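Colleague: what shape does this take:
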Amino acid sequence: MERRHLEYFLAVAESGSFTRAAAMLTIAQPSLSQSIAALERELGSDLFERLGRGVKLTPAGEALVGPARRALRSFILARGAVRSVADTGFGHLSIISGTLWAIEPLVRMIGEFRLVYPAVQFTVSDPLSRSEVLDAVRSGEADFGLLDGTPPAGALASRWLVDHELVAVLSNRSSLSALSMTVADLVPLGLISTPKGTPLRTLLDEQLAVAGQPDEVAVETAHLASVIPLVLAGAGAALLPEGLASDAAAKGARVVRLTPATRASVHIVWRAGRLSSVGEHFLSVGEDLYGSLAPTDS
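Modeller: Next comes the predicted model:
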């Protein structure tokens with residue numbers, strides 16, 4: 001089984017057509033068809049059901065998709081590891097992100113990237129506010145910035161990474177037992193959050209404004225890591241992205257969905273036309289992990 005056979009197989013599977021796959025791969029369709037036929041003979045099973053103008057994966061084909069993607073990823077890992085050793089001081093990326101988004105999605109992106117390019121060094125800084133993220137990227141102090149909400153207009157380009165659902169996190173000693181609740185329901189419990197201007201506090205203040213509630217908290221802590229322990233200690237309730245909330249639930253907190261459902265969209269921003277090749281590769285890792293979207297000028 002050759003690497004190109006797997007590449008050709010995935011191209012057909014993703015495009016749903018031999019014609020579109022051949023155009024995407026810039027090869028002749030007969031050559032593509034012959035390669036797929038050779039792969040099917042080697043595996044002893046049909047991978048596609050031919051449907052006139054298109055194709056559909058057979059059960060055997062569906063079973064091959066995951067292993068094929070992992071196999072191609074292994075080739076990339078091997079090439080990247082060799083390249084990073086061969087190129088002394090292969091590169092450095094500086095990223096500015098609030099702790100909230102540095103945990104998810106940034107941790108996963110850096111981890112995946114360093115599997116491929118282990119010689120690349122990262123510096124991740126924590127801003128005091130959203131405006132500091134934008135200023136650092138615009139000035140070139142940071143290669144990338146992560147923030148929630150729609151990036152502003154200017155000299156930046158951006159790409160959506162992920163949506164995080166916001167949920168209520170309560171102590172298991174709370175008297176509230178509803179399966180869902182509004183932000184207003186949390187106010188009497190006392191809200192726990194980070195200082196104004198931080199991503200978590202901004203999300204909370206926005207939801208309080210929508211609910212017609214004052215933007216006040218019972219416990220304001222500069223340490224995001226202390227929010228969940230404070231909830232567990234019975235100091236109040238918090239509004240958190242689902243990723244952090246799952247950690248809280250594992251430690252004994254109650255996690256309750258909000259009505260209506262509320263989500264925070266996380267974007268990565270950079271200076272348009274100013275990315276290094278290392279930066280381009282980092283963006284491609286984000287696409288692989290969180291879906292491929294064309295960058296939008298902001």
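Colleague: just give me the neighbour total for Y8.
Modeller: 24 (other C-beta atoms under 10 Å). (Each C-beta comes from the backbone N, C-alpha and C, glycine too.)
Colleague: so what's it up against?
Modeller: Residues in contact with Y8 (C-beta atoms under 8 Å, 6 or more residues apart in numbering) are A21, L25, L32, S35, I36, L39.
Colleague: farthest-apart pair in those, please.
Modeller: Within the contacts of Y8, L25 and L39 form the most distant pair, 14.4 Å apart (C-beta to C-beta).
Colleague: identify each buried residue in stretch 20-34, please.
Modeller: Neighbour counts over stretch 20-34 (16 or more other C-beta atoms under 10 Å) mark A21, A22, L25, L32 as buried.
Colleague: what segments of the stretch 51-200 of the chain are strands?
Modeller: 54-57, 91-97, 120-125, 144-148, 156-170, 180-181, 192-193 (DSSP state E, counting those that start in this stretch).
Colleague: possible to save those as CSV with mean pLDDT?
Modeller: Shown next, in CSV, are the strands of the stretch 51-200 of the chain (pLDDT from 0 to 100):
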stretch, mean pLDDT
strand 54-57, 92
strand 91-97, 92
strand 120-125, 93
strand 144-148, 94
strand 156-170, 92
strand 180-181, 88
strand 192-193, 97
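Colleague: which one of the ones you listed is the most hemmed in?
Modeller: Counting by mean count of other C-beta atoms under 10 Å, strand 192-193 has the highest mean neighbour count of those, with a mean of 27.
Colleague: what lies in contact with it?
Modeller: 200-201, 204, 217-221, 227, 230-231, 235-239.
Colleague: ok, 7 Å please
Modeller: Defining contact as C-beta atoms under 7 Å, 6 or more residues apart in numbering, one finds that strand 192-193 is touched by 200-201, 204, 217-220, 227, 230-231, 235-238.
Colleague: for the stretch 1-150 of the chain, what are the low-confidence residue spans?
Modeller: Confidence mapping of the stretch 1-150 of the chain against pLDDT under 70 gives the ranges 76-90.
Colleague: how near is the nearest residue to E141 once chain neighbours are set aside to G154?
Modeller: Of all residues not flanking E141 in the chain, S94 sits nearest, at 7.2 Å (C-beta to C-beta, 6 or more residues apart in numbering). Using C-beta to C-beta, to the nearest Å, one gets 19 Å for the distance from S94 to G154.
Colleague: what's the answer for A102, then?
Modeller: In terms of C-beta to C-beta, A102 sits 23 Å off from G154.
Colleague: comparing those two, which residue is more hemmed in?
Modeller: In this view A102 and G154 are compared by other C-beta under 10 Å, and A102 has more residues nearby, 19 against 14.
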